[in-house]
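*Asks:* heads up, no residue letters with this:
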Ligand code: PLP
């Protein structure tokens, strides 16, 4: 039978979907009815059937400049022929330094020391590890505790799921990190439904950090990590004043504040970062996705220079931080990152997102009253449509909407019974209209 199996594989490898264990996917459902993308340009995907699919999710919140943009394609093509790989430890190549300087220049405050990773998850683990090591380097080695938040998503590493607060991402994976506590999440539909932008209610929930500090004592706490806008958990905007309060409490107790900007970095809110958009500066910012427009995997962490400086105390010939990845600052990713930042700048895409945001907001909230809709949320070029769950079948209605939208040539994303929208920043007003007209039809068609 193994001969038969290999014969089968050699006959039709392209049609055999068995071997790929797909991430965050209902594998059996997908494989019985696959949705395969084979091409992409600007605002559209093309699928294996030849249909054009309007991308209302920027891939997975990453393709902020749109698909297959010429400058980025060219930069990667040129790079692979010139320098394919350079060791990342005790060696370097110019583009990684150039990209770090460009990201540093984009960051507010002293967030100008950039560490390269390959993903959001690695950025989060890097941030958490460095936060703990920083306190130790300063002689406060008791500060090892990490504070996350319920409903938080910080990727899938053990550090990220420990501080994260999405139950299904945690419950199967054992005891996780010790010494982690969680703030309450900030969502209360009764008090916040149909808020435009950030809700008025909820800033007081940041005061829970004081309670956690009292419980554990500040001398045991290294850092607090939150997403300024929580994406994967259903798009939750920070209540007005909430992030400011977190900053003040962290300052009071010498706790580092980490913003996970994996989805908000690089223009999503109509500013380079949420840090800048909200005017609240953390000590550490994690990023990925839009850094390279999703073209080559890459993430980065921006550290306040005081953190970097704390490590630069010992003998100069000794490695200061025992952390890093084979592919930190990979030449192809660095080239893609530079061309991506050029594209954002030359086309004014962050400003464009800010200009489109009011039009987008109107379009989101115009869905009020459509079947099943129980809340609408927006900020920058982010939208969320929360649907009432079918009793006993959570997620089923939104997934049905996802399939129906795809059949109508629109890519959306769902989490729970929430539709999350995050289009490339090059979207036109006519395409925004198309997204919401299609969704209106979908909402009227789902059971
Ligand atoms: N952090 C946040 C806030 C995210 O939204 C994500 C991914 O969606 C991650 C971390 C993980 O990023 P990656 O999937 O690149 O590891």
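*Replies:* It's in. Bear in mind that the values here come from a model prediction, so they are computed numbers and not experimental data. Numbers count the residues shown, from 1 in each chain.

*Asks:* Could you report the neighbour count for residue 335?
*Replies:* Neighbours of residue 335 under the rule other C-beta atoms under 10 Å: 28. Placement of C-beta: from N, CA and C, glycine included.

*Asks:* which secondary structure elements does the one helix or strand it maps to contact?
*Replies:* Per DSSP states H and E, residue 335 falls inside helix 331-346. Counting contacts by 3 or more C-beta pairs under 8 Å, 6 or more residues apart in numbering; DSSP states H and E, helix 331-346 is packed against helix 70-82, helix 94-106.

*Asks:* I'd like the average pLDDT over it.
*Replies:* Averaged over helix 331-346, pLDDT sits at 98.

*Asks:* What residues sit buried inside it?
*Replies:* 331-344 (16 or more other C-beta atoms under 10 Å).

*Asks:* and if you look at stretch 90-105?
*Replies:* So stretch 90-105, judged by 16+ other C-beta under 10 Å, has buried residues 93, 95, 96, 99, 100, 102, 103, 104.

*Asks:* where does the following helix or strand past the helix holding residue 335 sit relative to the chain's centre, distance-wise?
*Replies:* Note on helix 331-346: by DSSP H and E, the next helix or strand toward the C-terminus is helix 349-365. In terms of C-alpha atoms, centre = their mean, to the nearest Å, the centre of helix 349-365 is found 19 Å from the chain centre.

*Asks:* Compute the number of surrounding residues for residue 378.
*Replies:* Residues lying near residue 378 (other C-beta under 10 Å) number 23.

*Asks:* any idea of the mean pLDDT for the helix or strand it falls within?
*Replies:* Assigned by DSSP H and E, residue 378 belongs to strand 373-379. For strand 373-379, mean pLDDT rounds to 98.

*Asks:* now do stretch 116-129
*Replies:* 98.

*Asks:* sorry, back to before: give me the distance from the next helix or strand after the strand holding residue 378 to the chain's centre.
*Replies:* Following strand 373-379 in sequence order, the next helix or strand is strand 382-387 (DSSP H and E). Relative to its chain's centre, strand 382-387 lies at 16 Å (C-alpha atoms, centre = their mean).

*Asks:* Residue 17 contacts residue 35, correct?
*Replies:* No: using C-beta atoms under 8 Å, residue 17 is not in contact with residue 35, being 11.2 Å away.

*Asks:* Just the pLDDT for residue 2.
*Replies:* So residue 2 comes in at 55 (pLDDT).

*Asks:* cool, and residue 283?
*Replies:* pLDDT, residue 283: 99.

*Asks:* how many neighbours does it have?
*Replies:* Neighbours of residue 283 under the rule other C-beta under 10 Å: 25.

*Asks:* One more: residue 40?
*Replies:* 16.

*Asks:* Could you list everything it pairs with in the sheet?
*Replies:* residue 45 (DSSP bridges).

*Asks:* any idea how far residue 37 is from the ligand?
*Replies:* Here residue 37 is placed at a distance of 18 Å from the ligand (C-beta to the nearest ligand atom, to the nearest Å).

*Asks:* Was I right to think that residue contacts residue 53?
*Replies:* Yes: counting by C-beta under 8 Å, residue 53 is a contact partner of residue 37 at 7.4 Å.

*Asks:* returning to what we had before: how distant is the strand holding residue 378 from the center of its chain?
*Replies:* The answer for strand 373-379 is 19 Å, by C-alpha atoms, centre = their mean.

*Asks:* Then stretch 163-173?
*Replies:* 17 Å.

*Asks:* count of neighbours near residue 387?
*Replies:* Neighbours around residue 387, by other C-beta under 10 Å: 24.

*Asks:* Quick check: bridge partners of it?
*Replies:* residue 373.

*Asks:* Against residue 412, how distant is it?
*Replies:* Taking C-beta to C-beta, to the nearest Å as the measure, residue 387 falls 12 Å from residue 412.

*Asks:* okay, and the common contacts of those two?
*Replies:* Residues touching both residue 387 and residue 412 (C-beta atoms under 8 Å, 6 or more residues apart in numbering): 401, 419.

*Asks:* could you pull out the helices for the stretch 101-250 of the chain?
*Replies:* 120-137, 158-163, 167-170, 189-192, 208-216, 242-253 (DSSP state H, counting those that start in this stretch).

*Asks:* ok, residue 347 - how many residues close by?
*Replies:* Neighbours of residue 347 using other C-beta under 10 Å come to 16.

*Asks:* Backbone dihedrals for it, please?
*Replies:* phi -100, psi 0 (degrees, to the nearest 10).

*Asks:* now do residue 23
*Replies:* Residue torsions, per degrees, to the nearest 10, at residue 23 are phi -80, psi 140.

*Asks:* what does the model give it for pLDDT?
*Replies:* pLDDT, residue 23: 98.

*Asks:* One more: residue 442?
*Replies:* Residue 442 carries a pLDDT value of 98.

*Asks:* What residues does the stretch 251-400 of the chain have near the ligand?
*Replies:* Counting by C-beta under 6 Å from any ligand atom, the residues of the stretch 251-400 of the chain close to the ligand are 260, 262, 263, 288.
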